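K.L.:
The following block contains a protein sequence and its predicted model.
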Amino acid sequence: MFLPGKRKGASFLIMVVIMAVVMSMFAISVSQLSRSRSSTLISDATEKQVLYLAEDAVNQMILQLHKDSSSKSISSPDPLDIGATFRYDAVYTEGTEPFNPTSSGTVRGTGYCVTATGTYSKTVYLEVQETGSGLAGVKRTWREDY
Amino acid sequence: MARRLLGSKAGESLVELAVSIAILSLIVLWAVSAFGAYAKTGQDLDLVSQAVSLADSKIETLKTYTLAQLKLELNLNLPPSGETGVVTEFNLSDTYRCTVVSSDQSHNNITLIEITMTVFDKANGTSVYVVKTSFLRGAGGQNVGD
């Protein structure tokens, strides 16, 4: 049908369509890459925000335990001043997980970022020891969850 | 004459060529705009990334401070505590400045200093990153579990 010399325009049209398909795929790849890069780097910022919130939760729990040792959990106000997608909570348990068996207990503070695609959280654990003046933090460790 | 023109294949290739060029132009425009968006996303994210890094560095520096140094740096003047909403400004770089809103509260020998740090782009005054955290200081002003 598209013999050389007979329908040069049609052959050219086919070539253009093929080029268009290739370029479209390329453009789609670029825009997907852009979206992926955006979400990756934004999550780097979110990761820091959530970690600092978890540390804040742990610190507030320690102060709360000093004020009233029977109050063993706290949670963030709603909404939080850095954004409605963020929140935190903390709890004190006398268990020693994940620390050594000689500690008095553990404060577990978690920061959350809740988005339409899911919840990202980081948990900070603070090993605490009973001292003469109350509970004192000894060692921190953390883990993250998606 | 009309029959000759209608039956003629002359000009068909030209029409096909014009259609091809039009399609190709649209695809090229789309690809260029996709590249433009990618470049813009990259620039924006580099800015956010810089802001996150500067804020992080500032917070990590504050973490190393004793209670007296922290109170001095954050303009928390009342001894021993009880101030809220104290605003301090810091210059982070040629591009960024930050405001830190601090509050402090104590119980017995323990002091909690909470901060909300907002990083602004100096050029247009827009907020690019906000983070909330706190520092806990025990008896003698030393760090608690940091």
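P.N.:
Alright, I've got the coordinates. Numbering: from 1, shown residues only, chains lettered A, B, ... in the order given.

K.L.:
now the strands: where do they sit in chain A?
P.N.:
With DSSP state E, the ranges of strands along chain A come out as A:73-75, A:86-93, A:105-115, A:118-131, A:134-145.

K.L.:
of all these, which lies closest to chain B?
P.N.:
Minimum separation from chain B across the strands of chain A (C-beta to the nearest C-beta) falls at strand A:134-145, 2.5 Å. All C-beta spots, glycine's among them, are computed from the backbone N, C-alpha and C.

K.L.:
and the closest one, what's its mean pLDDT?
P.N.:
Taken as a whole, strand A:134-145 has a mean pLDDT of 58.

K.L.:
And for stretch B:25-35?
P.N.:
Model confidence over stretch B:25-35 averages 80 on the pLDDT scale.

K.L.:
And for that stretch, what's in contact with it?
P.N.:
With C-beta atoms under 8 Å, 6 or more residues apart in numbering or on different chains as the contact definition, stretch B:25-35 has outside contacts at A:19, A:20, A:23, A:24, A:26, A:27, A:28, A:30, A:31, A:34.

K.L.:
Those: which ones sit near chain B?
P.N.:
Among the contacts of stretch B:25-35, proximity to chain B is found for A:19, A:20, A:23, A:24, A:26, A:27, A:28, A:30, A:31, A:34 (C-beta under 8 Å from any C-beta of the partner chain).

K.L.:
Now that we have those residues, which of them are buried?
P.N.:
Neighbour counting with 16 or more other C-beta atoms under 10 Å in any protein chain shown marks A:20, A:23, A:27, A:30, A:31, A:34 as buried within these.

K.L.:
Would you mind giving the contacts of stretch B:25-35 as TSV with distance to residue B:73 added?
P.N.:
Compiled in TSV, the contacts of stretch B:25-35 are given as follows (distance: C-beta to C-beta, whole Å):
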residue	distance to residue B:73
A:19	61
A:20	60
A:23	55
A:24	55
A:26	51
A:27	50
A:28	50
A:30	45
A:31	45
A:34	40
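
K.L.:
could those residues go into JSON lines alongside pLDDT?
P.N.:
Formatted as JSON lines, the entries for those read as follows, by pLDDT from 0 to 100:
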{"residue": "A:19", "pLDDT": "77"}
{"residue": "A:20", "pLDDT": "75"}
{"residue": "A:23", "pLDDT": "76"}
{"residue": "A:24", "pLDDT": "76"}
{"residue": "A:26", "pLDDT": "77"}
{"residue": "A:27", "pLDDT": "74"}
{"residue": "A:28", "pLDDT": "79"}
{"residue": "A:30", "pLDDT": "73"}
{"residue": "A:31", "pLDDT": "71"}
{"residue": "A:34", "pLDDT": "67"}
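
K.L.:
Provide a list of residues in contact with residue B:55.
P.N.:
Applying C-beta under 8 Å, 6+ apart, the residues contacting residue B:55 are A:48, B:92, B:98, B:117, B:119, B:129, B:131.

K.L.:
Give me the pLDDT for residue B:9.
P.N.:
As summarised for this prediction, residue B:9 has a pLDDT of 60.
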